[in-house]
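K.L.:
give the three-dimensional model of this entry:
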Amino acid sequence: MSETGGTVRPQPEIRQETEFFWTSGRDGRLRFQTCAACRALIHPPQPVCRHCRGHETEVGEVSGFATLIGFTVNHRFPFPGLPSPFVVAQVAIEEDPRVRLTTNVVGCSPADLRIGMRMEVVFEQAGDAWLPLFRPCAQQPRPAPLPEDLPVTGHIRPALTGPRFEDRVVISGTGASRIGRRLMVPPLDLTVDACEKAVADAGLTLDDIDGLSTYPGGGAYGGFAEGGVTALESALGIRPVWHNGAAETPGPGGSVIAAMLAVAGGLARHVLCFRTVWEATYGALVRQGRISVPQRADAEGWFKPFGAVSPAVMLAMNAQRHMHRYGTTRETLGWIALNQRANAARHPDAIYRDPLTMDDYLSARTVTTPFGLYDCDVPCDASVAVVVSAAETAPDLLGPPVRVEAVGTQIVERPEWDQSTLTHEPQVLGQSAHLWTRTDLGPADVDVALLYDGFTFNCLSWIEALGFCGIGEARDFLDGGKNIAPDGALPLNPHGGQLSHGRTHGMGLLHEAVLQLRGQAERRQVEGARTAVVSSGGLTPSGVLLLRTDA
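P.N.:
Numbering: from 1, shown residues only. Predicted structure coming up:
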């Protein structure tokens, strides 16, 4: 067992296909699955090489040297066997830099770490596993440059010719439950509230609804769902002819895109889409001992044994790389946090409305470098719903319909967090490029942007990926926050976003987009808003929608 301060570090789950990796350290050597045809390293282990698609593989020994490509000093998330603060890092294997390991750095002070350092493996036993940790080599060559990402545009599939499904659907209604910290009400109550409001907003009745769609579905881990389609159907008795509930969609908004496809394909006429979170109440109930936390698999243990237990830890390393590569600063991220807070002050339901200054932002407690408290969104209880309807029903609807100009859904980067892009948040570049192939509009035509901001760096990544500024140019674009203010070139998250309004996992962004395009956003209304872009998802496969109004 690995013990630090009397606390045992958890060991990874060892499976048949991963046993060779986790036991490799018995003799102090690092080993990877290797393609017999092209000699590429394959990690995590797979039955086929993703590079040449060969099926003949073997286990091969490597030198144990690697390049430090990212690290974060974790202050917020305690972990057994790792006294805080501790370093979570990513290294690129010297023999094949396309392969990275999430790990811990040992044998040096965090202040001495620099991206590009040469590292060497050392092993620490944890139960039946030997964890590969890394320390700086005694002799340090000149820091290595970060490996370049594969170009995205060459992999984007062109739009199909012929009728577009987007033209056959509209968003006819939207609704939101009350939102707050620790409301202490069952999540299904919030879901029903939001859904009833959305249906009424469309001028429909529950009997008109013939489809249900949600993210992440009934099998979601605690605190992030109400029980899925099954729970809502049981409560309301809708009897849908089509239904959908899953987490492997283009982000939380993927449930809405799926509904659009069902309506365009003639499976349903009015699909009710919903998303509920009750993370704040859930956390309170766990602390009170009234509910227990279910065990969750974590990618076969590639992250958790090293204390990478939060998306914040993983995304912090992407943010740090952006700073290293492009000169982005903490102030750059701060302008996003300040913008969202200023906008939230005009929203009566936003959780955080008090003024926030740059000094407040910079002096807030550290979560995991470079993220501080105000880089992270606000856990809350809330539900949001929208109704997707057939376009031919638009004349009979209560309010002005919001039309769908285009969607972007293509995955280009690897889905594993630590094997993906080294420039941005994973899963934004391909989806953004795909969006613009499905429309004649461009970034300059967007009047208001509702961009996913689970963390400030999520939002920065979407700004660059969607082309509102060049890749690596966010520092200049965001300087002073003028461009993203309500009267700026790109009004951003006018309701306060997830950073200040509350963490609604992307559906709150869609709700605000509908209100903006209808001219119903009251004090926070962006003048002349006729086109809105809405992104959905962070770190996971995501999606993006371009919406417009004919008004």
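K.L.:
in the protein, which helix or strand is least confident?
P.N.:
strand 3-4 (a mean of 48; mean pLDDT, DSSP states H and E).
K.L.:
settle this for me: residue 271 is touching residue 242, isn't it.
P.N.:
Yes. With contact taken as Cβ atoms under 8 Å, residue 271 and residue 242 are classed as touching, separated by 7.0 Å. (C-beta placed from N, C-alpha, C; glycine too.)
K.L.:
what do those two both touch?
P.N.:
Residues touching both residue 271 and residue 242 (Cβ atoms under 8 Å, 6 or more residues apart in numbering): 210, 211, 212, 262.
K.L.:
in its sheet, what does whichever strand or helix holds the third one sit against?
P.N.:
Put plainly, it is residue 212. Element membership for residue 212 (DSSP states H and E) is strand 211-214. Counting by DSSP bridges, the strands paired with strand 211-214 are strand 242-245 (parallel), strand 270-278 (parallel).
K.L.:
okay if I get these as CSV plus mean neighbour count?
P.N.:
Converted to CSV, those look like this (neighbours: other Cβ atoms under 10 Å):
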stretch, mean neighbour count
strand 242-245, 22
strand 270-278, 30
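K.L.:
would you turn the ones you listed into JSON lines with distance to residue 466?
P.N.:
Below are the strands paired with strand 211-214 laid out as JSON lines (distance: least, Cβ to Cβ, whole Å):
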{"stretch": "strand 242-245", "distance to residue 466": "26"}
{"stretch": "strand 270-278", "distance to residue 466": "22"}
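K.L.:
who's the closest spatial neighbour of residue 49, skipping the chain neighbours?
P.N.:
By the measure of Cβ to Cβ, 6 or more residues apart in numbering, the closest residue to residue 49 outside its immediate chain neighbours is residue 35, 3.8 Å from it.
K.L.:
the one you found and residue 42, how far apart?
P.N.:
Distance of residue 35 to residue 42, computed by Cβ to Cβ, to the nearest Å: 6 Å.
K.L.:
next: residue 158.
P.N.:
Going from residue 158 to residue 42 by Cβ to Cβ gives 30 Å.
K.L.:
before we move on, the earlier item: overlap of the contact sets of residue 35 and residue 42?
P.N.:
Shared contacts of residue 35 and residue 42 (Cβ under 8 Å, 6+ apart): 49, 57.
K.L.:
neighbour count: the two, which is higher?
P.N.:
residue 35 (23 against 20; other Cβ atoms under 10 Å).
K.L.:
pairing partners for the more buried one in the sheet, please.
P.N.:
Residue 35 has the following beta-bridge partners by DSSP bridges: residue 57.
K.L.:
which residues touch it?
P.N.:
Residue 35 neighbours (Cβ under 8 Å, 6+ apart): 41, 42, 49, 51, 52, 54, 56, 57.
K.L.:
same question, residue 124
P.N.:
With contact set as Cβ under 8 Å, 6+ apart, residue 124 has these partners: 2, 9, 106, 130, 131, 133.
K.L.:
how about those residues in a markdown table, adding pLDDT and neighbour count?
P.N.:
Shown next, in a markdown table, are the contacts of residue 124 (pLDDT from 0 to 100; neighbours: other Cβ atoms under 10 Å):
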| residue | pLDDT | neighbour count |
| --- | --- | --- |
| 2 | 51 | 20 |
| 9 | 85 | 22 |
| 106 | 96 | 14 |
| 130 | 96 | 21 |
| 131 | 96 | 22 |
| 133 | 98 | 23 |
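K.L.:
now tabulate these in CSV and tack on secondary structure.
P.N.:
Listed next are these as CSV, based on DSSP: H, G, I helix; E, B strand; the rest coil:
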residue, secondary structure
2, coil
9, coil
106, coil
130, strand
131, strand
133, strand
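K.L.:
which pair in those has the greatest spatial separation?
P.N.:
Spanning the widest gap among the contacts of residue 124 are 106 and 130, at 13.9 Å by Cβ to Cβ.
K.L.:
shaky segments in the stretch 1-150 of the chain?
P.N.:
1-7 (pLDDT under 70).
K.L.:
cool, and the chain?
P.N.:
1-7, 219-223, 293-300.
K.L.:
which residues of it fall in helices?
P.N.:
19-23, 187-201, 228-236, 254-264, 279-287, 311-326, 330-344, 358-363, 429-437, 456-465, 474-478, 507-518 (DSSP state H).
K.L.:
helices or strands next to the first one in the packing?
P.N.:
To tie it back to what came earlier, the one meant is helix 19-23. strand 30-35, strand 129-136 (3 or more Cβ pairs under 8 Å, 6 or more residues apart in numbering; DSSP states H and E).
K.L.:
just the buried positions in that helix, please.
P.N.:
Under the neighbour-count criterion of 16 or more other Cβ atoms under 10 Å, helix 19-23 has 21, 22 buried.
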